[in-house]
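Enquirer: A structural model of the following input is requested.
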Amino acid sequence: MPKVVDHEQRRRELGRALWQVIRQQGIDGASVRSVAREAGWSPSSVQYYFTTQSDLLAFAMRMISEVLRRAPTRSTLPPDPRDAAQEALERMLPMESELRAVAEVWVAFLSRTLVDDEARRINRGGHEHLSRTCRRLLDELAANGMLAEGLDLKLEADRLHVLMDGMVLHAVTAPDLMPPERLRAVLHRQLTSLLAKD
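Expert: Just a heads-up that it's a prediction; the model follows:
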């Protein structure tokens, strides 16, 4: 009986090999040949799935978006909306190994968004997801009467989004200055600053 090949799984294996190449050599080191070497494949096998370097890079960027969109469902978060907001956003920061890899590769890919329409589209989708997440969490706090009065929720969601992007960038480029406990503290301070005073 012929062996059944899971082509999607093989693409993902190559995408993860590409992530590793980028983490070690930067985006300039990402080629079909270097990815083949990292994955233990022949270059022609890689080209069976991705005919160009651009195809491979776009797929790896989509994988990043998928990881970041794996948002926790409300039922898996703490019942208190304040704790839920903190935990949901922490799960999008590079505080554990998989998200650290994702963040490092995302930062490396950012320059492509200036020159590549597909990269720009994928990156925008990630931004829109984070923007919606920030707004949804703030809306839940507001609905429970936990936010200070008079806040512009759209503006505050934008501020939170920008803070998240900045923390990711700093955690990747200066990890000694922005370790996980600092990320957690900065996020907590921002969320607490929005809460109604007891």
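Enquirer: When you work out contacts or count neighbours from here on, use the C-alpha atoms and nothing else.
Expert: Fine.
Enquirer: just the helices in this structure please.
Expert: Under the criterion DSSP state H, helices of the chain are mapped to 7-25, 32-39, 43-49, 53-68, 81-90, 97-109, 117-143, 153-173, 180-193.
Enquirer: list the helices and strands the fourth one packs on?
Expert: Based on contacts counted as 3 or more CA pairs under 8 Å, 6 or more residues apart in numbering; DSSP states H and E, the elements that helix 53-68 packs against are helix 7-25, helix 97-109, helix 117-143.
Enquirer: closest to Thr173 out of those helices?
Expert: Closest to Thr173 of the helices and strands packed on helix 53-68, according to CA to CA: helix 97-109, at 8.4 Å.
Enquirer: which outside residues touch that closest one?
Expert: 19, 22-23, 26-27, 61, 64, 67, 92-94, 119, 168-169, 172 (CA atoms under 8 Å, 6 or more residues apart in numbering).
Enquirer: quick one: buried residues of it?
Expert: Going by neighbour count (16 or more other CA atoms under 10 Å), the buried part of helix 97-109 is Leu99, Arg100, Ala101, Val102, Ala103, Glu104, Val105, Trp106, Ala108, Phe109.
Enquirer: now swap in stretch 186-198 and tell me
Expert: Applying 16+ other CA under 10 Å to stretch 186-198 flags Val186, Leu187, His188, Leu191, Leu194, Leu195 as buried.
Enquirer: Give me the mean pLDDT for it.
Expert: Across stretch 186-198, pLDDT averages out at 94.
Enquirer: How far does the helix or strand bottoming out on mean pLDDT in the chain sit from its chain's centre?
Expert: Here the helix or strand of the chain ranked lowest by mean pLDDT, DSSP states H and E is helix 53-68, holding a mean of 86. Using CA atoms, centre = their mean, to the nearest Å, the mean C-alpha position of helix 53-68 is found 11 Å from that of the whole chain.
Enquirer: now stretch 115-124
Expert: 15 Å.
Enquirer: Surely Cys140 is in contact with Pro81?
Expert: Rather than Cys, residue 140 is Glu. Yes - the criterion here is CA atoms under 8 Å, and Glu140 meets it with Pro81 at 6.7 Å.
Enquirer: Glu66: neighbour count?
Expert: For Glu66, the count of nearby residues is 12 (other CA atoms under 10 Å).
Enquirer: likewise Val35?
Expert: Val35: 26 surrounding residues under other CA under 10 Å.
Enquirer: ditto for the one 10 residues further on
Expert: Ser45 is surrounded by 12 other residues when neighbours are defined as other CA under 10 Å.
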